[in-house]
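Enquirer: The following block contains a protein sequence and its predicted model.
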Amino acid sequence: MTASLAMPFSPTEPADRLLSPAELEAALRDIGARRYHNLHPFHRLLHDGKLDKDQVRAWALNRYYYQAMIPVKDATLLARLPDANLRRVWRQRIVDHDGDHEGDGGIERWLKLAEGVGFDRDYVLSTKGILAATRFSVEAYVHFVAERSLLEAIASSLTEMFSPTIISERVAGMLKNYDFITRETLAYFDKRLTQAPRDADFALDYVKRHAVTPEQQAQALDALRFKCSVLWTQLDALSFAYVSPGTIPPDAWRPGEGLRAEASTTTLVGAGAGA
């Protein structure tokens, strides 16, 4: 941040002139510093141990839908890439989430997380209890990647530049504050600490090399703002439904539903907003 403030371009202003690659990167990083969902109050509650077990369950269940749709989004983008070298790089993202075989990959590890907080696996896979706002925001992201330019589609993935920080905060906070969370439950995040920076480095390099006009740079910046809004909106919905005011939509998951038989009888742990 100190280096960017020394530049004549302020990263909070629109890109109305051609930015140098370093200025463009500074502007992208500034978006994350101001808009990334680690700043959302729901995440602060989650990481600080202020949610009860059912509120953590609601987060795990809804986040599954986002995780499950990431390889769908990436397959859509992969099909549009004209260069074999680009396709070889991008398809690794799909492997990371879907795995090389049954029982492997990030989606499987997220299912383990959901099972770890008490959910029945088949219920999670059904996506029956997902909040409508979660579904709408995730599907909007998939459509964005399918319909916008390749530059915008790739730039929208740059939230991965900021994910190592939130992952570190999340793992440390949840292990400290919830006795129903174990390292095994949070195993999904272990691989993301190396996968996300690798993917972000590639995408950032692509954007810096291909956003070569003020208009293209503005599109890349807007794409990242859009993706930040996708993530933020999901937390808005979780907070409204399960924290305050606690208005759960008619078709959304309610505490006690979709749990393994043994999990449904356990005592809730955690301070809980309003508990």
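Expert: Received it, and whenever you're ready, just let me know what you need. Numbering: from 1, shown residues only.
Enquirer: D122: how many residues sit nearby?
Expert: The tally of other residues near D122 (other CB atoms under 10 Å) stands at 9. C-beta: built from backbone N, CA, C; applies to glycine.
Enquirer: List phi and psi for G118.
Expert: Torsion angles at G118 (phi, psi; degrees, to the nearest 10) stand at phi 120, psi -10.
Enquirer: Let me know the pLDDT of it.
Expert: pLDDT, G118: 98.
Enquirer: and what of the one 4 residues further on?
Expert: The pLDDT attached to D122 in the predicted structure is 98.
Enquirer: in what helix or strand does it lie?
Expert: Assigned by DSSP states H and E, D122 belongs to helix 121-126.
Enquirer: center of the chain - which residue?
Expert: L231 (5.9 Å; CA atoms, centre = their mean).
Enquirer: what phi and what psi does the backbone show at that one?
Expert: When read as degrees, to the nearest 10, the backbone of L231 gives phi -70, psi -40.
Enquirer: wait, what's in contact with it?
Expert: By CB atoms under 8 Å, 6 or more residues apart in numbering, the contact list for L231 reads Y36, H37, T159.
Enquirer: try 7 Å
Expert: H37, T159 (CB atoms under 7 Å, 6 or more residues apart in numbering).
Enquirer: residue ranges with poor pLDDT in the stretch 151-275 of the chain?
Expert: Counting by pLDDT under 70, the stretch 151-275 of the chain shows low-confidence ranges at 264-275.
Enquirer: Verify the stated contact: G173 with H47.
Expert: Yes - G173 is within contact range of H47, at 3.4 Å (criterion: CB atoms under 7 Å).
Enquirer: Going along the chain, name the strands of this structure.
Expert: Remark: no strands are assigned in the chain by DSSP state E.
Enquirer: The nearest residue in space to G32 that is not next to it in sequence and V56, how far apart?
Expert: Excluding the flanking residues, the one nearest G32 by CB to CB, 6 or more residues apart in numbering is F162, at 4.2 Å. Noted for F162: a distance of 22 Å to V56, by CB to CB, to the nearest Å.
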